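In: structure of the sequence below:
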Amino acid sequence: MENIARIGLPLAIAFLFSTSLSAQEFSADMVSRSVDGKVTTSKLYQTVDKERFDSTVEIKPGTRMETHLIIDRRKKLIYLVEPQQKTILVNHVLEIASETSRSGPSRSNPCEELMRAINPIATKQQFACKQDGYESVNGRSAELWQMDSKLWGSGSAYLWVDAQIKATIKWTLPDGSSGELQNIKVGPQSASLFELPEDYRKQDLPH
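Out: Model prediction:
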């Protein structure tokens, strides 16, 4: 769970539930609501094999930091770009999940893909996923998934995967936090959005 905590579970849900091999390119606003009602907004850009999240994070009261989270699915790497520090933190959680899973995540079961990323050694005895029909989310058709896990005890997580863009557009977690994608605009995204600054210092996160 440590690697996921570094980038934030709401963000993890958004990118780990996008079935990128069949995804369409789009941009959207990601609105997350914490248990205490605090609302944060990030900008999301997605291509077939990459995602980018632009956020401003409060690292301490009165101090905020701009971050760009870039996920490269082909390289199985996550980059946390911090412009103020001119650093790039490299997260290998997707590599670990891929190496640990013998059969690999099922593209027809995004729930399993998320659990493998949260905990690469998680077994199917520790979590359960089921597809629970279809619902409309902000006028868009979405597949509803329910996820239960012994890792967090009671309560279920629910995820709505968009039928067109193949990405999670709404989610609720057992702790009461939630989020959704708004202002979805389908279309090509500029390759420059996913380029890493050459003059930034790279640092691997512990894994």
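In: mind listing the strands for the protein?
Out: With DSSP state E as the criterion, the chain has strands at 26-33, 39-46, 50-60, 63-72, 77-82, 87-91, 127-137, 140-149, 157-162, 168-172, 178-186, 201-204.
In: looking at the ones you listed, which is closest to residue 194?
Out: strand 50-60 (4.8 Å; Cβ to Cβ). Bear in mind the C-beta positions are built from the backbone N, C-alpha and C, glycine included.
In: quick one: the closest one to strand 26-33, angle?
Out: Interaxial angle, strand 50-60 versus strand 26-33 (axes from the mean of the first three to the mean of the last three Cα atoms, to 10 degrees): 30 degrees.
In: each with direction, which strands does strand 50-60 pair with?
Out: Applying DSSP bridges to the sheet, strand 50-60 is found paired with strand 39-46 (antiparallel), strand 63-72 (antiparallel).
In: may I see the buried residues of the longest one?
Out: Residues of strand 63-72 classed as buried by neighbour count (16 or more other Cβ atoms under 10 Å): 67, 68, 69, 70, 71.
In: residues contacting residue 27?
Out: By Cβ atoms under 8 Å, 6 or more residues apart in numbering, the residues touching residue 27 are 43, 44, 45, 46, 184, 185, 187, 189.
In: can you count the residues close to the first one?
Out: By that I understand residue 43. By the measure other Cβ atoms under 10 Å, the count of residues near residue 43 is 15.
In: re earlier: can you lay out the strands paired with strand 50-60 as TSV showing distance to residue 52 and mean pLDDT?
Out: Shown next, in TSV, are the strands paired with strand 50-60 (distance: least, Cβ to Cβ, whole Å; pLDDT from 0 to 100):
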stretch	distance to residue 52	mean pLDDT
strand 39-46	4	90
strand 63-72	5	88
